[in-house]
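> Just need the structure, nothing else, for what follows:
(2 chains)
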Amino acid sequence: MPRFFLALAALVLAAAVHAADAPLTAAEPELEKQMLRISAELRCLVCQNQTIADSNADLAVDLRKQVRDMLRQGQSEQQIIDYMTARYGDFVLYRPPVKSSTFLLWFGPMVLMVAGLATLVLVLRRRSRLGAEHFDPEEPEDTDAAQRSADPAR
Amino acid sequence: MKRWQFLAPLALFAVLLAFLGVGLGLNPREVPSPLIGKPAPAFELARLDDPAVKISHADLQGKVWILNVWASWCAACREEHPLLVEFSKRSTVPLYGLNYKDKRDDGLAWLKRFGNPYTASLHDFEGRVGIDFGVYGVPETFVIDKQGVVRFKQIGPVTPEVLRDRIEPLLKQLNA
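Numbering: from 1, shown residues only, chains lettered A, B, ... in the order given. Model (predicted):
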């Protein structure tokens, strides 16, 4: 048991040491926070399902640096987003703008849902108008017979 | 009416299938460049083989030229390289290299080993010009016209087909 605690202590210590290894970015905490917020809106082009804030790809590191530099120059969030869009296109935005080429992307799911609901309502209304003779009465299932035919060895 | 009802789900399914089919054929890595039809970004960089000499976009104004982004650490660049070497031998169109995020010595050694098709290579150690050109996957190739407008962009290695069917006809048309 003491061994276990020793191992645990070593593990905790290792984690602490590792944490101290992380690069210090706290020199300008406000700037860093702003940089991360903007980076979280931008897609990393190399690893497309990650944001620039999440990714450690070379390009993401460079772009974070670019965002930081632009903030330092006093540029606004919108200016930075525009800068990135001018170079990498709308694709770089995690929240694509609503425009004619993205209508399907934004409203497609809603259209599908409305169509589905409309179909459901139509079908249900038609069924409710049908007489009872259109539906099969529930037959008690002959489970024994089914089992026998499924397992002829018995 | 009955017949139509039976066909409706089938038709819907066909539409869905068509969408999925098209989606499968698309390459998600190929992001359309917003730069096409726009002026190429301004730059001024030192030559890879001579840090004292700088080349800027103004030097290339009035010429149709090709910019090929490469790096010694980029495996796919090696794949397209023989094609560029061969192309440079039979073409008079200036082919500039953008040596992207590379050490000068590594870049020069790479050219020595695999051949140098470039009129000149620009050394973009920081990758800033790369960002301006929207580079995200080396190699990338741009065709820029006499007015300095980007007319074509290839992401990933240039293949013989792309060179023959897209780039060369475009160069001919721009130089006409």
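> tally of neighbours for residue B:160?
Residues lying near residue B:160 (other Cβ atoms under 10 Å in any protein chain shown) number 11. All C-beta atoms are positioned from the backbone trio N, CA, C, and that covers glycine.
> could you measure it against residue B:168, distance?
Distance, residue B:160 to residue B:168, by Cβ to Cβ, to the nearest Å: 10 Å.
> cool, and residue B:132?
27 Å.
> So those two - more neighbours on which side?
More neighbours surround residue B:132 than the other of residue B:132 and residue B:168, with 17 against 14 (other Cβ under 10 Å).
> How is the residue most central in space within chain A assigned, secondary-structure-wise?
Closest to where the C-alpha atoms of chain A average out (Cα atoms, centre = their mean) is residue A:49, at 8.3 Å. Secondary structure for residue A:49, judged by DSSP: H, G, I helix; E, B strand; the rest coil, is coil.
> show me the contacts for it.
For residue A:49, no residue meets the contact criterion (Cβ atoms under 8 Å, 6 or more residues apart in numbering or on different chains).
> likewise residue B:115?
By Cβ under 8 Å, 6+ apart, the contact set of residue B:115 is B:81, B:82, B:85.
> Name the nearest residue to the residue in chain B positioned nearest to chain A, ignoring sequence neighbours.
Residue nearest to chain A within chain B: residue B:136 (3.5 Å; Cβ to the nearest Cβ). The shortest distance from residue B:136 to any non-neighbouring residue, by Cβ to Cβ, 6 or more residues apart in numbering or on different chains, is to residue A:45 (3.5 Å).
> measure the one you found to residue A:118 for me?
In terms of Cβ to Cβ, residue A:45 sits 40 Å off from residue A:118.
> Neighbour count: these two, which is higher?
Neighbour totals were compared for residue A:45 and residue A:118, and residue A:45 leads with 24 against 10 (other Cβ under 10 Å).
> before we move on, which element is that one in?
Element membership of residue A:45, judged by DSSP states H and E, is empty: it is in no helix or strand.
> near chain A at all, the lowest-mean-pLDDT helix or strand in chain B?
Lowest mean confidence among the helices and strands of chain B (mean pLDDT, DSSP states H and E): helix B:2-25, at a mean of 85. No: judged by Cβ under 8 Å from any Cβ of the partner chain, helix B:2-25 and chain A are separated, with a smallest distance of 8.9 Å.
> How far off centre is that helix?
In this view, helix B:2-25 has its centroid 37 Å away from the chain centroid, taken as Cα atoms, centre = their mean, to the nearest Å.
> just stretch A:100-108 next, same as before
Chain-centre distance of stretch A:100-108: 18 Å, with Cα atoms, centre = their mean.
> Contacts for it next, please.
Residues from elsewhere that reach stretch A:100-108 (Cβ under 8 Å, 6+ apart): A:90, A:96, A:98.
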